[in-house]
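[1] Would you be able to build a 3D model of this:
(6 chains)
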Number of protein chains: 4
Amino acid sequence: MRAERKEREFNFRRAAILEQAEKIFSAKGYYNVTMAEIAEASGFAIGSLYQFFESKEDLYSSMILEKIDLMSAAIRQEVNAAKDVTGKIEALIAAQLQFVEKNADFFRIFLRGQSDALSETMTALNQKIIDGYFDNVMFIENILKAGIKCGVLRKVPTRDAASALFHLTRSVTIEWLLKPTKDSIVSKKDFIVDIFFNGVKNYDQ
Amino acid sequence: MRAERKEREFNFRRAAILEQAEKIFSAKGYYNVTMAEIAEASGFAIGSLYQFFESKEDLYSSMILEKIDLMSAAIRQEVNAAKDVTGKIEALIAAQLQFVEKNADFFRIFLRGQSDALSETMTALNQKIIDGYFDNVMFIENILKAGIKCGVLRKVPTRDAASALFHLTRSVTIEWLLKPTKDSIVSKKDFIVDIFFNGVKNYDQ
Amino acid sequence: MRAERKEREFNFRRAAILEQAEKIFSAKGYYNVTMAEIAEASGFAIGSLYQFFESKEDLYSSMILEKIDLMSAAIRQEVNAAKDVTGKIEALIAAQLQFVEKNADFFRIFLRGQSDALSETMTALNQKIIDGYFDNVMFIENILKAGIKCGVLRKVPTRDAASALFHLTRSVTIEWLLKPTKDSIVSKKDFIVDIFFNGVKNYDQ
Amino acid sequence: MRAERKEREFNFRRAAILEQAEKIFSAKGYYNVTMAEIAEASGFAIGSLYQFFESKEDLYSSMILEKIDLMSAAIRQEVNAAKDVTGKIEALIAAQLQFVEKNADFFRIFLRGQSDALSETMTALNQKIIDGYFDNVMFIENILKAGIKCGVLRKVPTRDAASALFHLTRSVTIEWLLKPTKDSIVSKKDFIVDIFFNGVKNYDQ
DNA sequence: GATGAATGAGCGTTCATTCAT
DNA sequence: GATGAATGAACGCTCATTCAT
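    Have a look, this model is predicted:
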């Protein structure tokens, strides 16, 4: 059908814009990027951007929210595929790190985005990001609760521990983004698992 | 002496501006704050701000860097006062949380600032923030190294573990800033220590 | 014949566009109406409008000029049908008011158009409107001249008096357009005739 | 006092901008004038215009409303100075014509403005213009009522007659603005008075 | 030194017009 | 012929910075 092809084309172009925008926003930050720049980079005229997005803010928000959804879906799929609690946690971390590796540009933005969430502007986006963050932590929390219930984990405050695991992974992500290294970030999974499960104390002493 | 009094006056006014700027930047973010707003809030004329700071960017950078220095100094003092490794780590966490509690406004900025550090603008500030971050992690790393050497901690990759501890504390900070609560954040110290030292695994099983 | 049918079709569509355009321009004014809006309202594609009109300005001008011609013709016909001067003047006023009543939307534009004629843009349109205005006033003037010649009217400056009659009618039109009323505007004819013929002075005193 | 001089300066500059804007708007119409043009003509920077006016619309509205107020005041003063009804009406017409002569540029705009008042944009300005128009007509109406009461005028519908007188004057104004003539428009006063009082009918026949 | 009015480059956004399909 | 997505010049407006007072 004609209309179908149209829509496919539309989505294709839209995605192309978002891809370029991601790179540029990642490098320079929301306020230092102009619509003209995005147009130039994506090979469209300035006016054309407005056929795909209502405004600069809409373009930015769309890019972030859609990527977040992708990430959420990817992670949940991996986690649900795992059977026991330990496996789920490992899958969670691995999936997160994989996503980071494949979307480094986006994460540079996303990490900023979460901080921007602390300010008053772009309220809609911020609220969605915060909601997404809480969702995420709650998702982790439920895994931990299951782990405590079945005795694999000791009784720790689940909410705090979930947040801790989330930020442990984030810590590795930030280090990786800050120091250009060729090593795959996924190799850090075992370290996170080790620290999160065992802590640093030496019991052998 | 006349010149001394002048300088004291100067520093006093400068600090007053930074104090107001901190509040405003915290609430609205760098790009949504105007020099006129800062002037208004601090009771100076717009032009006067330029006697204390070269530019808006300079004002912003100065505020952040000076607060970081304060925080660094405060933390190091507390840590150095502690005697053994365990005590140093507890002191480190407690000092950081205390600083967060006393400087919530600043931390809202700082968390954003660290993310901004991932982009290309404000190079000077970003580099200094990254340097400060690395300094901080290295400082923690040295404590951990000492802990491993004396057998209190098990042999974990020190750099990664230092970063992990740093971000564990950060995780608690973000949660606290995101959800307005009247509980003191310092009370979270024991949780961080517990997780970091012991992990979440249940060894009793 | 084929070509004829084509032309009929063409003119039919063209008229449909003008009809919608009249409504929209009337409500929002030339500069607040977009070609997209006119296309939408008339059920054509944007590009199709350009097969009927060279430009937005051409569309606007065409609509106005054609309506003016219609009005002129209608009025002249009515006036010529009347026999004596008094009858001609009454016919003139009545015809004008009837046209206003049937073309309220257009008159909202036309009144604006006449003022636009005082500025420098849309020179072609403006010149034609001014020409039309002068034609109109001259047409009235000739009636008045005849009236003076045959002694029905006293010796007043004909040009000024013609303009006065024109604007007297206009005054009633504006009042009627400004205050939404259900009374037919045509009922005001007698008032205009009365004032124009007799003035307001009380000779009985 | 310092502040006083400041304010005088401010008002002086503001008036200078309005004066230039009047000329330009008069020649090209609201939508064909750019802020850059007004800035250029008045010798200020673009940004400076915004210290005197909130927006382009505000600049335009201010210019019109302030002139209207001036005109209203001037006319009412002249009218009130006259003693009997005939004198008041003559004063009214003379004052209006004088104002037109001194403010030709403004009237080119104002005549357009009143028509714009028939569309939906610039609601606030339009409402004020319409209000002003009604005020004006009512002011005239009261004079006519007094004239009827004291028997100088015959019993005509006062509202319609007031509007008629208003537009009679307007008719002369438009003719004068449309045809560049060196004759003073004020000389047309007697014609207006004559037509309005006596009509065109020849009673001698 | 202190002021804040003046500056103008630079932004996001609109929309008449074109032209490949 | 009919379409409507693509275009980009042009607009109103902001705000960091300067400098005459």
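[2] next structured bit after the helix or strand bottoming out on mean pLDDT in chain A?
    Taking mean pLDDT, DSSP states H and E as the measure, chain A has helix A:104-116 as its least confident helix or strand, at a mean of 69. Following helix A:104-116 in sequence order, the next helix or strand is helix A:123-149 (DSSP states H and E).
[3] Residue ranges of each domain in chain A, please.
    According to automatic domain parsing, chain A comprises the domains A:1-53, A:55-198.
[4] got the residues of chain A near DNA strand E?
    Residues of chain A lying near DNA strand E by Cβ under 7 Å from any atom of the strand: A:33-36, A:46-47, A:50, A:55-57. Every C-beta, even on glycine, is put in place using the N, C-alpha and C of the backbone.
[5] Helices - which of these land there?
    Judged by DSSP state H, these include A:35-36, A:46-47, A:50, A:56-57 as members of helices.
[6] closest to C:Arg8 among these?
    Of all those, C:Arg8 sits closest to A:Gly47, with 37.7 Å by Cβ to Cβ.
[7] just to revisit the earlier point, output the domains of chain A as CSV; include the columns mean neighbour count.
    Below are the domains of chain A laid out as CSV (neighbours: other Cβ atoms under 10 Å in any protein chain shown):
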stretch, mean neighbour count
domain A:1-53, 15
domain A:55-198, 18
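[8] These: which one's closest to DNA strand F?
    Evaluated with Cβ to the nearest atom of the strand, those place domain A:1-53 nearest to DNA strand F, the distance being 1.5 Å.
[9] The closest one: how far from the chain's middle?
    21 Å (Cα atoms, centre = their mean, to the nearest Å).
[10] DNA strand F next: which of the ones in helices among the residues of chain A next to DNA strand E are close?
    A:46-47, A:50.
[11] what's near enough to touch A:Gly147?
    When contacts are counted by Cβ atoms under 8 Å, 6 or more residues apart in numbering or on different chains, A:Gly147 touches A:85-86, A:89, A:153, B:200.
[12] ditto for A:Ser163
    Contacts of A:Ser163 (Cβ under 8 Å, 6+ apart): A:137, B:171-172, B:174-175.
[13] Please list the members of those residues that lie in helices.
    A:137, B:171-172, B:174-175.
[14] before we move on, back to that, for chain C, state which of the contacts of A:Gly147 is nearest.
    A:Ile89 (54.5 Å; Cβ to the nearest Cβ).
[15] Find the residue ranges of chain A scoring beneath the pLDDT cut-off.
    A:1-2, A:111-122, A:200-205 (pLDDT under 70).
[16] so, in contact with chain B or not, the helix or strand that A:Phe197 is a member of?
    A:Phe197 belongs to helix A:189-198 when assigned by DSSP H and E. Yes - judged by Cβ under 8 Å from any Cβ of the partner chain, helix A:189-198 and chain B are in contact via A:191-192, A:194-198.
[17] of all those residues, which comes closest to DNA strand E?
    Distance to DNA strand E, by Cβ to the nearest atom of the strand, is smallest for A:Ile192 among the residues of helix A:189-198 next to chain B, at 37.9 Å.
[18] give me every residue that touches that closest one.
    Contacts of A:Ile192 by Cβ under 8 Å, 6+ apart are A:93, A:165, A:168-169, A:172, B:164.
[19] Including secondary structure and distance to chain D, could the residues you listed go into JSON lines?
    JSON lines is the format used below for the contacts of A:Ile192 (DSSP: H, G, I helix; E, B strand; the rest coil; distance: Cβ to the nearest Cβ, whole Å):
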{"residue": "A:Ile93", "secondary structure": "helix", "distance to chain D": "53"}
{"residue": "A:Leu165", "secondary structure": "helix", "distance to chain D": "52"}
{"residue": "A:Leu168", "secondary structure": "helix", "distance to chain D": "50"}
{"residue": "A:Thr169", "secondary structure": "helix", "distance to chain D": "48"}
{"residue": "A:Val172", "secondary structure": "helix", "distance to chain D": "48"}
{"residue": "B:Ala164", "secondary structure": "helix", "distance to chain D": "51"}
